[in-house]
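Colleague: give me coordinates for this.
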Amino acid sequence: MPENGKGPDAMTDQTTFPDPVYRETVLAPLFEGVKTHFADGMAQINRAHLVMLAETGILSAGDARALARAVKEIEDETDISSLTYTGEHEDYFFVVEAALRAKLGDLGGALHTARSRNDMDHTLFKLALRTRAHAMLRLLSDLTQGLLDKADAEKETLIVAYTHGQPAQPTTFGHYLSAVIEVLLRDMARLDAAADGLEHCPMGAAAITTSGFPIDRDRMAELLGFEAPLLNAYGCIASVDYVTGLYSALKLPFIHLGRVVQDMGVWASFEVGQLYVPNALVQISSIMPQKRNPVPIEHMRHLASVTAGRCDMVVNTMHNTPFTDMNDSEGEVQQAGFAAFDSGGRMLRLLRAFLPVCRINDSNVARNTDAACITITEVADTLVREEGLSFRQAHEIAAATARNVIEAGEPLGTGFTSFAAAFQAETGRATSLSETRFQTVTSARHFVAVRNRPGGPAPAALDAAIATYEVELGRLIESTRTRADRHAAASTTLARSFAALLET
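Modeller: Okay, here's the model as predicted:
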C-alpha cells in the first residue's frame, strides 16, 4: 500500500482521460455551452488572428492562404448545433484545430501561433457580453423613452404621493414617472460605463506574458471591433473587473425598477385604487369572478428579483478567487450569467408594455386626497407667507384643522370653519384668509401649481426636467450607437481582410 493510502502517481497511472464523472459533470456541459454561446466568437477570433499573422509576416502568404481556405471549409462543413461531446475533443476549439490538422497536417497547428486559450477565452467572453450589454441598453433606452412619453402626457394628472405607506402630498403622475426616469438614466449611465469596460481586447496576452513573435495587438483589437488592446498581459487573463463591473451595473436597474413595480401593486389595490390596469393585463380569479388580478405586476417583481439574484451570483463567484487565470471566471459562470440578461430583458419588455397603457383613476385620487387631507401642508405654507406666522405656529393650526375635518369625515376644502377656529385659538386673532381663498389653497391643483421650483411637479418645472432627460437619453443612445457602429465596421473589415487571404 502506498504511503498514506495514496494511489499510484501520474507516471504509473494508466487510467484514460476523461474520468466518466468528470466528463458528465464538467466537460460535456462546457462543450455544450461553448458551441451554443461562443462558436461565433471563436470563428471571429480565428479569422482575425490569421489575418494578423499574415499581415505581420509571422505566417507566409501561402501558408495563410491554405489555412484561410481550410478554416472556411470547416465553417461551411460543420453543423455546430449537431455536435456532441465524445471525449475526443475538449470543446469546439479543439474540434476546429483537429479538423485543420486533418486537412493540412502540421500546418493546421500554425493557427495557434502566439495565442493561448487564456487570451482567447476572455476575448470570447467579452464578445458575448458586449452583444448582450448592447441589447440591454437598447431595452432600457426604449423603456425610458416610453416613460418620457407617458410622463409628458400625464404631467397634469393628479395622484396621491405616499411616504412610509401613508398618503402624504398630491403630485402628478408625470412627476412620479420623472423620478423613475432620473434613476433609469443614472442606471443606464452606469451600465454604459460598464459596457465601455468590455471594449479592450485581451488577444495577444497569450497565456500570461504576450509572445516573442512580432504580433500586432492593435490590429487584433481593430479587427474584432474593440477600442484598443487591454494593456497589461497578466491583467488580460487575471482581471475580471469587466465581469464584476458589468453585472454590478446590470443589477441596479432591476433593484430600482422592482421598487416602482411594488408601488404599482399598492396603487392597483382595491383599497387605494389609484392605478387602473387595462383588461389585457388583468387575470380574473378562477373562483371569484369579481376579482381583477393585475398579475403582470407580480411577474415583473419576480423577474426583477431573479435578475438581481443572478447578477449577485456572478459577482459573488469572483469573491476570494486568486488573481490569475482560473475556471471560476470562465465558461461555467459566464454561461450562467447570461440568464440574467434573459430574465432582465423579459422584465423590461413587460414593463414597457405595462406602464404606458395604465391610467390614473381620478375619482379615487380625489377620494383619497379628501380623506387623508393631503393638501394641508400648503395651508401651513400659506399662513407663513400671507399671515406672517412662524412655520411652527402655522403647523399647529394646520394640524388642528386636519384633525377636525378628518374626524368629521369632511373634505379639507369644506373645513373653513374649523380652520378659522384653530387660527383664532393659536394666534388670538381672526384670519385674513377668505373662505374662497381657503378653498383654493386646499385644492390639489393649487398645491401642485405653486411648487414650481426646479424638480417640482408644476407644469413649467416638469417641462424643463423632461427636456433635460431627453438630452441625457440622447447622449446615452449615441454612446451605445457608437460602440455598435465600431463593431459593425470591424465585422466588415474582418470579412474583407479574410477574403483577401483566400485570394492571395
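Colleague: what segments of the stretch 201-350 of the chain are strands?
Modeller: Applying DSSP state E, counting those that start in this stretch to the stretch 201-350 of the chain gives strands spanning 228-229, 275-276, 283-284, 292-293.
Colleague: now those as a markdown table including distance to A194?
Modeller: C-beta here means a position set from N, CA and C on the backbone, and glycine is covered the same way. Below are the strands of the stretch 201-350 of the chain laid out as a markdown table (distance: least, Cβ to Cβ, whole Å):
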| stretch | distance to A194 |
| --- | --- |
| strand 228-229 | 17 |
| strand 275-276 | 33 |
| strand 283-284 | 37 |
| strand 292-293 | 37 |
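Colleague: where does the prediction get shaky in the chain?
Modeller: Residue ranges of the chain with pLDDT under 70: 1-12, 14.
Colleague: tell me the spacing between the residue sitting nearest the centre point of it and L158.
Modeller: Nearest to the geometric centre of the chain sits L250, at 3.9 Å (Cα atoms, centre = their mean). Distance, L250 to L158, by Cβ to Cβ, to the nearest Å: 35 Å.
Colleague: D312 too?
Modeller: 39 Å.
Colleague: neighbour count: those two, which is higher?
Modeller: In terms of neighbours (other Cβ atoms under 10 Å), L158 is the more surrounded of D312 and L158; the figures are 23 against 14.
Colleague: tell me the bridge partners for the more buried one.
Modeller: T172 (DSSP bridges).
Colleague: and the helices in the stretch 51-200 of the chain, which stretches?
Modeller: Assignment of helices within the stretch 51-200 of the chain using DSSP state H, counting those that start in this stretch yields the ranges 61-77, 92-104, 117-153, 173-196.
Colleague: for D218, which of these is the nearest?
Modeller: Closest approach to D218 among the helices of the stretch 51-200 of the chain (Cβ to Cβ): helix 117-153, 14.4 Å.
Colleague: by how many degrees do the closest one and helix 92-104 diverge?
Modeller: Relative orientation of helix 117-153 versus helix 92-104 (axes from the mean of the first three to the mean of the last three Cα atoms, to 10 degrees): 130 degrees.
Colleague: related to what we said a few turns ago, can I get the helices of the stretch 51-200 of the chain in a markdown table including distance to Y276 and mean neighbour count?
Modeller: Formatted as a markdown table, the helices of the stretch 51-200 of the chain follow (distance: least, Cβ to Cβ, whole Å; neighbours: other Cβ atoms under 10 Å):
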| stretch | distance to Y276 | mean neighbour count |
| --- | --- | --- |
| helix 61-77 | 54 | 17 |
| helix 92-104 | 52 | 18 |
| helix 117-153 | 14 | 21 |
| helix 173-196 | 12 | 21 |
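Colleague: buried residues in the helix or strand containing A398?
Modeller: If you go by DSSP states H and E, A398 is part of helix 391-408. For helix 391-408, the neighbour count (16 or more other Cβ atoms under 10 Å) marks 393-398, 400-402, 404-406 as buried.
Colleague: and K72, what does it touch?
Modeller: L502 (Cβ atoms under 8 Å, 6 or more residues apart in numbering).
Colleague: roughly how far does it sit from A102?
Modeller: For K72, the distance to A102 (Cβ to Cβ) stands at 15 Å.
Colleague: name the surrounding residues that touch the helix holding A398.
Modeller: For helix 391-408, contacts defined as Cβ under 8 Å, 6+ apart pick out 371-373, 376-377, 379-381, 383-384, 387, 389, 411-412, 414-415, 418-419, 422-423, 425-427.
Colleague: buried ones only from the residues you listed, please, as a ChimeraX command.
Modeller: Applying 16+ other Cβ under 10 Å to the contacts of helix 391-408, the buried members can be selected in ChimeraX as follows:
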select :371,372,373,376,377,379,380,381,383,387,389,411,412,415,418,419,422,423,426,427
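Colleague: what's the domain layout of the protein?
Modeller: Per automatic domain parsing, the structural domains of the chain span 19-113, 118-366+464-503, 376-442.
Colleague: turn those domains into a markdown table, columns for distance to P457.
Modeller: Below are the domains of the chain laid out as a markdown table (distance: least, Cβ to Cβ, whole Å):
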| stretch | distance to P457 |
| --- | --- |
| domain 19-113 | 47 |
| domain 118-366+464-503 | 4 |
| domain 376-442 | 12 |
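Colleague: closest to N452 out of the ones you listed?
Modeller: domain 118-366+464-503 (9.9 Å).
Colleague: any idea of the angle the strand or helix carrying D485 forms with helix 117-153?
Modeller: Using DSSP H and E, D485 sits within helix 459-503. Direction vectors for helix 459-503 and helix 117-153, defined by the same axes, to 10 degrees, enclose an angle of 150 degrees.
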